[in-house]
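Next come a sequence and a model predicted from it.
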Amino acid sequence: MYCESVKNSTLASKRWNSVLPHRIVPVITPFRANRPDVQKLLHHSQSLLNDGMDYLFLAGTTGLGVSLSPDEKISLLNGLREFAPKLLLQVGTLNLEESMKLAEQAKNSKLHAIVSYPPYFYPRISDEWVVKYFVTLSKIYPLIVYNYPLATGYDISPAIIKKVLQNGGNVIGIKDTLPDLAHMLTFKYELGNDFIVYSGPDTIVTSAVRSGIDGCVAGSANYVPELLVKATDLQAKLSESIAAQKTIASLAMLARKYGQWAANYYLVKAIRGYDVGEPRAPIYPLGQAEEEKLAAEAREIYPLVKAK
Ligand code: ELE
């Protein structure tokens, strides 16, 4: 039953022909004067696809998706229409009707798949409600569950996914953002090899793909996609992949030091040499001095960083 739903899904049927692992970038949403700048998004997205990314994940955590209105999310989709088969959209919100509309929009736009957090913020919600939520959304369009317990307060287990599938839901995979490879592998072991598992943390991409995880969704791909490709290249020498992984981890740690959700924007500018606007409050832009210090520190870690 579950295998059938996986095989019938858009993502899975493409997956049979596409080369694993998948490199997915949770794209930054560029803002200008507090509004999404779709032109900058388009330029950044094209550039990331050119540099080896297989899919673009819109309105995720790095994309500051939870602070976007439904219309703004749709404006991102419309701006990137030409890449529809390569797009994933985060549709999870605290308003189910709104999430369902986004899922419908994803379906109409023929996106690759939708992605969703569980209902977040409310402590102690029952598994039954989480199951209902995912069943509802995945009946509209094939769904990848986004597990990020640090942010949502809720850890998704293989048992929850099984219940969604038993209730007619079409969950085709999970994006697991926990620095815990064993947790990711449990989904593979319990749901079978056809169930897609993507690794979320930037710091373990090489270990993840070398262990049979299907791909990575890495925020650092916004500024070093070439390193994500190297770190996840199963044909590369392991020592080369590990070296790329170490640099990614150092840059991701540097981003955390400055506040990663804002720092990501400035790392794109410092490393890739073009402007992706700025974040939106409550994620605040870095000041000029901080931006320069971040760029200098990034240059120490990754000498290819473009001098301004
Ligand atoms: C990762 C986050 C998590 C990527 C998104 C993503 O941004 O939507 O620092 O490991 O918690 O889940 O970047 O970052 P860390 O999917």
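Now that the structure is in, tell me what you want to look at. No experiment lies behind these values; they were computed from the predicted model shown.

How many neighbouring residues does residue 49 have?
Using other C-beta atoms under 10 Å, residue 49 has 16 other residues around it. C-betas here are computed from N, CA, C, even on glycine.

For it, list the residues it contacts.
56, 83, 86 (C-beta atoms under 8 Å, 6 or more residues apart in numbering).

Just put those in a markdown table and tack on pLDDT and distance to the ligand.
As requested, the contacts of residue 49 are exported to a markdown table (pLDDT from 0 to 100; distance: C-beta to the nearest ligand atom, whole Å):
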| residue | pLDDT | distance to the ligand |
| --- | --- | --- |
| 56 | 98 | 11 |
| 83 | 98 | 17 |
| 86 | 97 | 16 |
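
Neighbour-wise, give me the winner out of those residues.
Top of the contacts of residue 49 by neighbour count (other C-beta under 10 Å): residue 56, with 27 neighbours.

Would it be right to say that that residue lies in a strand?
Yes. Counting by DSSP: H, G, I helix; E, B strand; the rest coil, residue 56 is located in a strand.

Does it touch residue 89 like I think?
No. Counting by C-beta atoms under 8 Å, residue 56 stays clear of residue 89, with 9.6 Å between them.

for the helix or strand that residue 189 is a member of, packing partners?
Taking DSSP states H and E as the definition, one finds residue 189 inside helix 181-191. Judged by 3 or more C-beta pairs under 8 Å, 6 or more residues apart in numbering; DSSP states H and E, helix 181-191 is in contact with helix 158-166, strand 171-176, strand 196-199, helix 205-210.

Please name whichever of these is nearest to the ligand.
Smallest distance to the ligand across the helices and strands packed on helix 181-191 (C-beta to the nearest ligand atom): 5.9 Å, for strand 171-176.

List of residues touching the closest one?
5-6, 9, 11-12, 113, 115, 134, 138, 142-147, 156, 161, 164-165, 183-184, 187, 195-200, 214, 217.

Walk me through which strands that strand pairs with, and which way each runs.
Counting by DSSP bridges, the strands paired with strand 171-176 are strand 143-147 (parallel), strand 196-199 (parallel).

Mind putting these into TSV with distance to the ligand, mean neighbour count and mean pLDDT?
Output for those, formatted as TSV (distance: least, C-beta to the nearest ligand atom, whole Å; neighbours: other C-beta atoms under 10 Å; pLDDT from 0 to 100):
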stretch	distance to the ligand	mean neighbour count	mean pLDDT
strand 143-147	7	26	98
strand 196-199	8	26	98
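
between those strands, which gets nearest to residue 247?
Set against residue 247 and scored by C-beta to C-beta, the strands paired with strand 171-176 come closest in strand 196-199, at 17.3 Å.

CA-only coordinates of that closest one, as CSV, when you get a sec.
Extracted as CSV, the C-alpha positions of strand 196-199 are listed here (Å, rounded to 0.1, in the frame of the first residue of the first chain):
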residue,chain,number,x,y,z
ILE,A,196,13.2,9.3,0.5
VAL,A,197,15.4,10.6,3.3
TYR,A,198,17.2,13.9,3.0
SER,A,199,19.7,15.2,5.5
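
Any idea how far that strand is from the middle of the chain?
11 Å (C-alpha atoms, centre = their mean, to the nearest Å).

before we move on, the earlier item: tabulate the strands paired with strand 171-176 (CSV), appending distance to residue 278.
Shown next, in CSV, are the strands paired with strand 171-176 (distance: least, C-beta to C-beta, whole Å):
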stretch, distance to residue 278
strand 143-147, 25
strand 196-199, 28
